[in-house]
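Colleague: After the sequence you'll find the predicted model.
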Amino acid sequence: MGMLVRAAAIIIGLLWCIFNGARCAPARRLDETLLSCICNGQQFSDEQWACNGERSKQYCQACLDFSVDQIRNQCSQKSIGAQVHLRDCRLRKTCARKELKAI
């Protein structure tokens with residue numbers, strides 16, 4: 001009887017996952033692969049960013065936050081603009097280093 005109840009619970013859980021899709025998928029670890037980072041004196045007219053459309057909003061935000069951290073860590077105080085391209089997102093930003101905040 002115990003095996004039957006356990007098997008039924010597993011089947012119900014699997015069916016629930018099938019119908020609720022992404023909620024059953026394990027959280028994907030942020031891919032921190034840095035494809036390019038350019039620190040320069042160029043000012044951009046506005047902040048521009050893009051994320052891989054196959055990723056969740058939370059994943060995208062974490063990727064952009066990591067991009068800002070890369071700018072903080074890799075660009076000097078004299079840099080006015082920066083561009084960072086990770087595998088799943090990219091960011092182009094104009095700002096003084098002290099104003100650099102996560103978006």
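Modeller: Yep, it's here. Residues are numbered from 1 along each chain as shown.

Colleague: Go ahead and confirm residue 62 touches residue 32.
Modeller: No - contact criterion C-beta atoms under 8 Å: residue 62 and residue 32 do not qualify, at 9.9 Å. In this view, the C-beta of every residue, glycine as well, is placed from N, C-alpha and C.

Colleague: Between those two, point out the one with more neighbours.
Modeller: residue 62 (19 against 14; other C-beta atoms under 10 Å).

Colleague: Name the SS class of that one, please.
Modeller: The three-state label given to residue 62 by DSSP: H, G, I helix; E, B strand; the rest coil is helix.

Colleague: Also residue 93?
Modeller: Three-state call for residue 93 (three-state DSSP): strand.

Colleague: how far away is residue 79 from residue 37?
Modeller: 11 Å (C-beta to C-beta, to the nearest Å).

Colleague: hey, what's in contact with both of those two?
Modeller: Common neighbours of residue 79 and residue 37, counting by C-beta atoms under 8 Å, 6 or more residues apart in numbering, are residue 71.

Colleague: just checking, residue 39 touches residue 77?
Modeller: No - using C-beta under 8 Å, residue 39 is not in contact with residue 77, being 10.4 Å away.

Colleague: and those two? which has more neighbours close in?
Modeller: The neighbour comparison of residue 39 against residue 77 (other C-beta under 10 Å) goes to residue 39, with 18 against 7.

Colleague: tell me which element that one falls in.
Modeller: strand 34-40 (DSSP states H and E).

Colleague: Parallel or antiparallel, list what pairs with whatever helix or strand comes next after that strand.
Modeller: Next helix or strand after strand 34-40 toward the C-terminus (DSSP H and E): strand 48-51. Its sheet considered, strand 48-51 pairs with strand 89-94 (antiparallel) by DSSP bridges.
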